Structure formats: C-alpha cells, structure tokens
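Visitor: this one's sequence-less:
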C-alpha cells in the first residue's frame, strides 16, 4: 500500500515543474516499462498489482519492486484504463549535443510542437525509421509529459531528444536543412542525399520565421485531395519514409 506522501509525489509528476524538481517521470504499461529497464535510463521503482507479479520475475533484480493495490494504481495513473504496471524512471542528465554526431545521417528538428500525442508519435516514428536524434526548440512540449511517454510506446528509451535554441544551433550543425512547408518542392522529386535535418513546425503556425530563414530546401507532400493540411505526426511519417526510401537507392 502506498502512503499519502508517496501518492502525492507520484501524482505530482504529471506536471513538468515537479518532474524537474524531483528528477523523475512515470512510464505506464508492462511493455513500455520493459523497454526502459533494458535501456540507458535508470528505472528506480516498478509499482505493480498482485495479478501481474509473476511477470516481474522477468525484469532486472537491480530494480525496486513494490506491489500495490489496483486502487493505488488508479490514483497515480494518468490513463482512463490504468495499466497494472507503472515505472518510476530517473530523468537523466544528457551530455551537451555533439553536432558532429548528427552527420552522415538524418535527424529530426521540431519547432514548437505542442500536442503530447503528436510528440510521442513522432518519437515512435523516428524509432521505426532508425532516426536516433530529435532536436527540439525550447518551447516544444516536454518529452517526459505522461501523454508523450505513453504515445511513444517505449520508443523514447531508444531515441535521443535534445532541447536547444534552434536559431543558434542549426547554423552550427552545418548540414542541409529540409523544412516541411506548403509552398515547398515535391518530396518525390527531391534529392535528399544521405545526411541532413528535417524540420517540422508547430501544429497551427508551421515553422517559425527565424527558423524558416535557415532552411536550405523547402519541401512539401503533394496534395491529391481537398484537405487543408496534414497532421504533423502523419506528415513526419510520410517524409521519413521518403527520406529512407531515397537512402536505399
């Protein structure tokens, strides 16, 4: 059984302020927790119900395990249908982004992405296409937001997410910068090459003016129907697929 102070701490992690203050975030669901236990992240404690206790034997003995009631799981979960396993994971202090590590490959750049679901789906998409790094503007949604973590389905354990001042960082990276814009060139006619940065803009406003000035090639997904725009996560998946296809030629 969890104490009131434990419940208070765990529920406070739904908010960025307290995640940063305490240095932890939550991962919900057995599969996602397993992904983090086998990664560079440090899983501090795994809270689980008695029903799923036998599965805990598959996880590292270095982790603290605490069996709690289904009612306590409901109290700390952010999901409408709570999972039977919740992991308390330490927020790591990553080294400063090494720009040279981004060369000879493609990386994503996110400019003020705000929706947690979109952010999580983009991270999962990056993992699918073998993209190791995502560079985010400082005002992009927090990667440890519970909805972001849930939407990644464990992919956050494998993808590096960096936050920085994009206007200062992008010129220093010195790679081709492709920006998703409505007035860009057809992606199916674009020679992407083997390295570069793909910039995706805010859901409502697109790429900001100070970042647009740094783009070397504006690209667009050709429209065949009448929809005004594509969801940013879907657009990212289409663009990543085309970049990957180009690299396999």
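Guide: Everything's here; your move. Everything quoted here is computed from the prediction, not taken from an experiment.

Visitor: pull the longest strand from the protein.
Guide: Criterion DSSP state E: the longest strand present in the chain is strand 177-186.

Visitor: helices and strands around that strand, which ones?
Guide: When contacts are defined as 3 or more C-beta pairs under 8 Å, 6 or more residues apart in numbering; DSSP states H and E, strand 177-186 packs onto strand 196-200, helix 209-212, strand 217-220, helix 232-247. C-beta coordinates here come from the backbone N, C-alpha and C atoms, glycine included.

Visitor: deepest of these, which one?
Guide: The highest mean neighbour count among the helices and strands packed on strand 177-186, using mean count of other C-beta atoms under 10 Å, belongs to strand 196-200: a mean of 24.

Visitor: one step back: just checking: what are the partner strands of the longest strand of the chain?
Guide: Using DSSP bridges, strand 177-186 pairs in its sheet with strand 196-200 (parallel), strand 217-220 (parallel).

Visitor: where do the strands of the chain begin and end?
Guide: 24-28, 43-48, 64-67, 85-90, 106-110, 133-137, 160-164, 177-186, 196-200, 217-220.

Visitor: just those strands: most buried one?
Guide: strand 106-110 (a mean of 26).

Visitor: now that one and helix 232-247, what's the angle there?
Guide: Counting by axes from the mean of the first three to the mean of the last three C-alpha atoms, to 10 degrees, strand 106-110 lies at 160 degrees to helix 232-247.

Visitor: which strands border strand 106-110, and is each parallel or antiparallel?
Guide: Counting by DSSP bridges, strand 106-110 is paired with strand 133-137 (parallel), strand 196-200 (parallel).

Visitor: and it with strand 160-164, angle?
Guide: 50 degrees.

Visitor: any chance of TSV for the strands of the chain, columns mean pLDDT and distance to residue 3?
Guide: Shown next, in TSV, are these (pLDDT from 0 to 100; distance: least, C-beta to C-beta, whole Å):
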stretch	mean pLDDT	distance to residue 3
strand 24-28	98	17
strand 43-48	96	13
strand 64-67	94	11
strand 85-90	98	14
strand 106-110	99	38
strand 133-137	98	36
strand 160-164	97	33
strand 177-186	97	48
strand 196-200	99	43
strand 217-220	98	54
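
Visitor: for residue 211, which of the ones you listed is the nearest?
Guide: Proximity to residue 211, assessed across these by C-beta to C-beta, is greatest for strand 196-200 (6.4 Å).

Visitor: ok, residues contacting the closest one?
Guide: For strand 196-200, the external contacting residues (C-beta atoms under 8 Å, 6 or more residues apart in numbering) are 102, 106-111, 113, 122, 135, 170, 173, 175-180, 207, 211, 215, 232, 235-236, 239-240, 243.
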